[in-house]
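Student: Take a look and give me a structure for this.
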Amino acid sequence: MNIAQYLDSTYLKTPAQSGISNEETLQLDKELTQEAIDHSIFAVMIRPDYVADIKKYIQEKGSNVAVGTVIGFHEGTYSIDEKLAEASKAIEDGADELDFVINYSAYLNGDLELVKDEFVKCTQLGLKHQKVVKWIIEIAALTDEQIAGITKHISTWAKENFSESDFPNIFVKSSTGFYKTEGGKPNGATFEGIKIMLDHAGQLSVKAAGGVRTPEDAEKMISMGVKRIGTSSALALIKNESSSKGY
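Tutor: Prediction:
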């Protein structure tokens, strides 16, 4: 199986989180991007601050590797206006894909209208500019019932507000990789969580993010029906190696 076409090669730590400078972070992003170019990995997923430089780098290399970035990351509690502003800047800088963290805290508090409003407005913005829009629901923060519920809501809202031709560009995504769990519980994609998402996503695609660290796991996720995999282990996976990296 050619898994490279499913992979988003990911580096999402801020300079403060990794203890390095902005310049060093950009260099890591460029190295990640060069690996993606060299090995036909579908996309790189990076922080918004680095989108413009990485887009330019890819264009200079004559590559068609997609540039994805995260919006409202990683808590998801940014206001709708803040998410729209961050997404607009990313679009201006050349992002091809926008991975929004849904306000799952609002969902857990029962504020469905807020969550629906941000889904509709932010998805409209992305689709208007021919971007792929993915919605991170943070499955480690949710029960199985809640995973099913929020995935189903996203599917329903998509059907109510967008055309069927838009559906290939709207995803439900499992995780940020930054959620803090207790007792060794996984904070990324699990087979159980992904199955629930697939069962309730309707015509929308599912992205498994975080925790996919072996080629076997990647192939199983793909065989289950996921269309994309977010991982910091992309190079290891396509070399048929396992990885101990955290995302």
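
Student: beta partners of the most centrally placed residue in the chain?
Tutor: By CA atoms, centre = their mean, the chain has its centre lying nearest to D99, at 4.6 Å. Following DSSP bridges, D99 is listed with bridge partners V70, K134.

Student: quick one: the strands in this protein?
Tutor: 7-11, 43-46, 66-71, 97-101, 132-136, 170-173, 205-209, 228-231 (DSSP state E).

Student: who's in contact with the third one?
Tutor: Translated: strand 66-71. 8, 12, 42-48, 51, 54-55, 58, 78, 83, 86-87, 90, 94-101, 122, 132, 134, 136, 176 (CB atoms under 8 Å, 6 or more residues apart in numbering). The C-beta positions use only the backbone N, C-alpha and C, and glycine is treated the same way.

Student: Would you mind putting the CA coordinates of that strand into PDB?
Tutor: Provided in PDB are the C-alpha atoms of strand 66-71 (Å, rounded to 0.1, in the frame of the first residue of the first chain):
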ATOM      1  CA  ALA A  66       0.100  20.800   0.100                       C
ATOM      2  CA  VAL A  67       0.500  23.100   3.000                       C
ATOM      3  CA  GLY A  68      -1.800  22.700   5.900                       C
ATOM      4  CA  THR A  69      -2.100  24.700   9.100                       C
ATOM      5  CA  VAL A  70      -4.000  24.700  12.400                       C
ATOM      6  CA  ILE A  71      -6.600  27.200  13.400                       C
END
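
Student: Tell me what angle it forms with strand 132-136.
Tutor: Between the axes of strand 66-71 and strand 132-136, defined by axes from the mean of the first three to the mean of the last three CA atoms, to 10 degrees, the angle is 40 degrees.

Student: who touches S18 in this structure?
Tutor: T25.

Student: so how many other residues sit close to the nearest residue to G225 once chain neighbours are set aside?
Tutor: Closest residue in space to G225, ignoring its immediate chain neighbours: L198 at 5.0 Å, by CB to CB, 6 or more residues apart in numbering. Number of residues near L198 (other CB atoms under 10 Å) recorded here: 19.

Student: Return the distance of L198 relative to F171.
Tutor: Plainly put, L198 is 12 Å away from F171 if you go by CB to CB, to the nearest Å.

Student: what is in contact with those two at once?
Tutor: Contacts common to L198 and F171, judged by CB under 8 Å, 6+ apart, are V206.

Student: Might you list the low-confidence residue ranges for this structure?
Tutor: For the chain, the stretches flagged by pLDDT under 70 are 244-246.

Student: At which residues are the helices of it located?
Tutor: Along the chain, counting by DSSP state H, helices occupy 15-18, 22-38, 51-60, 80-93, 104-108, 112-128, 144-161, 191-200, 215-224, 234-238.

Student: These: which one's closest to H74?
Tutor: H74 lies closest to helix 15-18 among these, at 10.2 Å (CB to CB).

Student: thinking again about what came up before, point out the most buried one among the strands of the chain.
Tutor: Highest mean neighbour count among these (mean count of other CB atoms under 10 Å): strand 228-231, with a mean of 29.

Student: Run me through the strand neighbours of it, direction for each.
Tutor: Paired neighbours of strand 228-231 in the sheet (DSSP bridges): strand 7-11 (parallel), strand 205-209 (parallel).

Student: Any idea which of those gets closest to S243?
Tutor: Closest approach to S243 among the strands paired with strand 228-231 is made by strand 7-11 (11.9 Å; CB to CB).

Student: could you give the angle of the closest one to helix 215-224?
Tutor: Here the directions of strand 7-11 and helix 215-224 differ by 130 degrees (the same axes, to 10 degrees).

Student: shift numbering so it begins at 15
Tutor: Got it, first residue is 15 now, which makes that one strand 21-25.

Student: Just the CA atoms of strand 21-25, as CSV, please.
Tutor: Extracted C-alpha coordinates of strand 21-25, given in CSV (Å, rounded to 0.1, in the frame of the first residue of the first chain):
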residue,chain,number,x,y,z
LEU,A,21,0.0,11.4,5.1
ASP,A,22,0.1,14.9,6.6
SER,A,23,3.7,15.2,7.9
THR,A,24,3.3,17.2,11.0
TYR,A,25,5.3,19.6,13.3
